[in-house]
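>>> My questions are about this predicted structure, shown below with the sequence.
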Amino acid sequence: MNPVEQAIVWLNDPLNWTNPGGITDRLVEHLAISAAAVALGCLVAWPLGLWLGHRGGGGGLVVVVSNVTLAIPTIALLAILPLTFLGFGKPAVIAALAVFAVPPLLANAYTGMREVDPQVRDAAVGMGLSGGQLVRRVELPLAVPYLAAGFRTAAVQVVATATLASFVNGGGLGQIISAGFGLGIAAGGGQILAGGLLVALLALGMEVALAVAQRAVTPRPLRAGTARRAAAVEAAPAQVGAGARGAG
Amino acid sequence: MSLRHLAYDDPGNPWFSWRYVQDNAETIRAALGEHVSLTAQAVLVAALVAVPLAVLAHWYRPLTGPILAFSGALYTIPSLALFAFIAPYVGTGTTTVLIGLVLYALLLIVRNSLAGLRQVPAEVRDAAQGMGYGRLASLLRIDLPLAVPGILTGLRLATVSTVALTTVGDLVGHGGLGTLILAGFRNNFYRAQILTGTLLCVALALVLDLLLAGAGRLLTPWTRR
């Protein structure tokens, strides 16, 4: 039996879905970890990015954060954080994944605020808006396409990277693949392939779903030159963008 | 009789220890060697495939969409899944790791090379045509040299992310420093080993990035004038 047939057989066994530690369990675990990591990333990166963008300084910091996190292997953080005060378990995994969600969120929040037309800002100040009002009523709405683009990149990346948590027994769908390797290629080939398929489908599905969501939250007049592409071009020379991501 | 010496000999679990580095120099060197060799091979093969692909996309515009979409979709697939697809067919050797790493580096190099090629000014291309350059000569003497900054950005990004990604190769037993890190984790959470592996990994990415940046400066003397 070749691996593809094995994988189909494995996926067709209902027990592989419903057992404790089966596909359903792992999927829920995977999504919960990912959601928490993205939320934590947003909590840290958005206020910082928006503030730096509003003030107009600190672009260097954004670039440095992106470059440094690009060079740190996900596996290393996943192995280090459980040995710190975070302890073993979900918090360490979530924190490790959140670190890799920060760069796209931060860079896009920053770029979004910087890309606001200075004339629009001038006009708002001329109309008597205070700093806080300027942020809330002018800059933030105009930065939404960038925030959405950053969110999409970060979320897709975290969902992909969360599979690596299985290296330190941190749960998620990657656990199915690791278990397959534990059985050996001959016996576990089907499970390995099936796990890979599930993980790949989840990542691609996330990408498509968030692309639709991004379009939905972007005001119609801002849709023409998609923010994502603009951000990538903008950041490429500084090595932030161009779709680079950590060891997903 | 005193038990004090036992207390002094308690190894503890420090984050860093020279003793560990000295005692395990051979293991560390082997892991680092594997890491460097995997990274270098992957980036080299990826560049040999990606630059011609970028040229193809540059020459035949209709191909640009499919090439970028295909490499983009590959890039979205998590590395673990990619290794899972390859391993049942190729086995648990370095080849599996290499194929995965090459597929990931591909997108970064194709996209940036294409951007580099697109940046060549139309006047320059016109002038080359006027001087009688054919398509191939123009590519080799005009387009590619002028696209070097873009290609290099792609190579640098690909190198840095490949250094980090190679660690995932531990899944099939060939993760270079990743294997060192995870062996430390599984072996009673040996902090010194984990941190040594991590530091070497980050340092390696930094050194390779600087080397490529230096090579780029040497290759494009006109950008400094």
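Cool, got the structure. Everything quoted here is computed from the prediction, not taken from an experiment.

>>> residue contacts, residue A:175?
A:21, A:26, A:165-166, A:169 (C-beta atoms under 8 Å, 6 or more residues apart in numbering or on different chains). Backbone N, C-alpha and C define where each C-beta goes, glycine included.

>>> and what of residue A:91?
By C-beta under 8 Å, 6+ apart, no residues touch residue A:91.

>>> so is residue A:86 in a helix, a strand, or just coil?
Applying DSSP: H, G, I helix; E, B strand; the rest coil to residue A:86 yields a three-state assignment of coil.

>>> Return the residues in contact with the residue lying closest to it once chain neighbours are set aside.
With sequence-adjacent residues excluded and distances taken as C-beta to C-beta, 6 or more residues apart in numbering or on different chains, residue A:86 is closest to residue A:92, at 4.3 Å. Residues touching residue A:92, when contacts are defined by C-beta under 8 Å, 6+ apart, comprise A:78, A:81-82, A:84, A:86, A:170.

>>> Relative to residue A:122, how far out is the closest residue to residue A:178 other than its chain neighbours?
If you skip the residues right next to it in sequence, residue A:178 has residue A:166 as its closest partner in space, 4.2 Å away by C-beta to C-beta, 6+ apart. The span separating residue A:166 from residue A:122 equals 52 Å under the rule C-beta to C-beta, to the nearest Å.

>>> Check residue B:195 too.
Using C-beta to C-beta, residue B:195 is found at 51 Å from residue A:122.

>>> Look at these two and report which has more neighbours.
Between residue B:195 and residue A:122, residue B:195 has the larger neighbour count (other C-beta atoms under 10 Å in any protein chain shown), namely 21 against 10.

>>> next helix or strand past the biggest helix by length in chain B?
In terms of residue count, the longest helix belonging to chain B (DSSP state H) is helix B:25-59. If you walk from helix B:25-59 toward the C-terminus, the next helix or strand you reach (DSSP states H and E) is helix B:61-76.

>>> Against which helices or strands is the helix or strand just after that following helix packed?
Sequence-wise, the next helix or strand downstream of helix B:61-76 (DSSP H and E) is helix B:79-90. In this structure, helix B:79-90 makes packing contacts with helix A:174-183, helix A:185-217, helix B:94-118, judged by 3 or more C-beta pairs under 8 Å, 6 or more residues apart in numbering or on different chains; DSSP states H and E.

>>> Counting neighbours, which bits of the longest one end up buried?
Of the residues in helix A:185-217, A:185, A:188-200, A:202-204, A:206-207, A:210-211, A:214 count as buried by neighbour count, 16 or more other C-beta atoms under 10 Å in any protein chain shown.

>>> That helix near chain B at all?
Yes - using C-beta under 8 Å from any C-beta of the partner chain, helix A:185-217 comes into contact with chain B via A:185, A:189-190, A:192-193, A:195-197, A:199-200, A:203-204, A:207.

>>> Look at the residue of chain B found nearest chain A and say how many residues are nearby.
Using C-beta to the nearest C-beta, the closest approach of chain B to chain A is made by residue B:84 at 3.0 Å. Using other C-beta under 10 Å, residue B:84 has 35 neighbouring residues.

>>> residues touching the residue lying closest to it once chain neighbours are set aside, list them.
Residue nearest to residue B:84 in three dimensions, not counting chain neighbours: residue A:196, with 3.0 Å by C-beta to C-beta, 6+ apart. Residues touching residue A:196, when contacts are defined by C-beta under 8 Å, 6+ apart, comprise A:177, B:80-85.

>>> isn't residue A:77 right next to residue A:94, touching?
No - the pair residue A:77 / residue A:94 is not scored as a contact, 11.4 Å apart, by C-beta atoms under 8 Å.

>>> what sits against residue A:18?
Residues near residue A:18 by C-beta under 8 Å, 6+ apart: residue A:24.

>>> Over to it: give its phi and psi.
Backbone torsions for residue A:18, taken as degrees, to the nearest 10, come to phi -100, psi -20.

>>> Residue B:14: which of the contacts of residue A:196 is nearest?
Of all these, the one with the least separation from residue B:14 (C-beta to C-beta) is residue B:80, at 31.2 Å.

>>> quick one: that closest one from residue B:205, how far?
21 Å.

>>> do residue A:211 as well
To residue B:205, residue A:211 is 30 Å away according to C-beta to C-beta.

>>> now swap in residue A:26 and tell me
Applying C-beta to C-beta, the value for residue A:26 to residue B:205 is 31 Å.

>>> What about the residue nearest to residue A:178, how many residues nearby?
Every residue meeting other C-beta under 10 Å relative to residue A:166 is counted, giving 24.

>>> Low-confidence ranges, chain B, go.
B:1-11, B:225 (pLDDT under 70).

>>> Per-residue pLDDT of the residue nearest to residue A:21 when sequence neighbours are not counted, please?
Here the nearest residue to residue A:21 in space, its sequence neighbours aside, is residue A:175; by C-beta to C-beta, 6+ apart that works out to 7.2 Å. Note for residue A:175: predicted pLDDT of 89.

>>> swap in residue A:229?
pLDDT for residue A:229: 47.

>>> Could you do the one 4 residues further on as well?
pLDDT, residue A:233: 41.

>>> Dead centre of chain A: give me the residue that sits there.
When chain A is reduced to its mean C-alpha position, the closest residue under C-alpha atoms, centre = their mean turns out to be residue A:154, at 2.3 Å.

>>> what helix or strand does it sit in?
Element membership of residue A:154 [criterion: DSSP H and E] is helix A:140-161.

>>> Can you point out the buried residues in that helix?
By neighbour count on 16+ other C-beta under 10 Å, the buried set for helix A:140-161 is A:140, A:142-161.

>>> near chain B, from these?
Checked against chain B using C-beta under 8 Å from any C-beta, the buried residues of helix A:140-161 yield the following neighbours: A:156, A:159-161.

>>> from those, which is closest to residue B:61?
Distance to residue B:61, by C-beta to C-beta, is smallest for residue A:156 among these, at 27.7 Å.

>>> For the closest one, list the residues it contacts.
For residue A:156, the contact set (C-beta under 8 Å, 6+ apart) comprises A:203, A:206-207, A:210, B:76.

>>> Rebuild the residues you listed as CSV, extending it with distance to residue B:58.
As requested, these are exported to CSV (distance: C-beta to C-beta, whole Å):
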residue, distance to residue B:58
A:203, 29
A:206, 31
A:207, 26
A:210, 30
B:76, 24
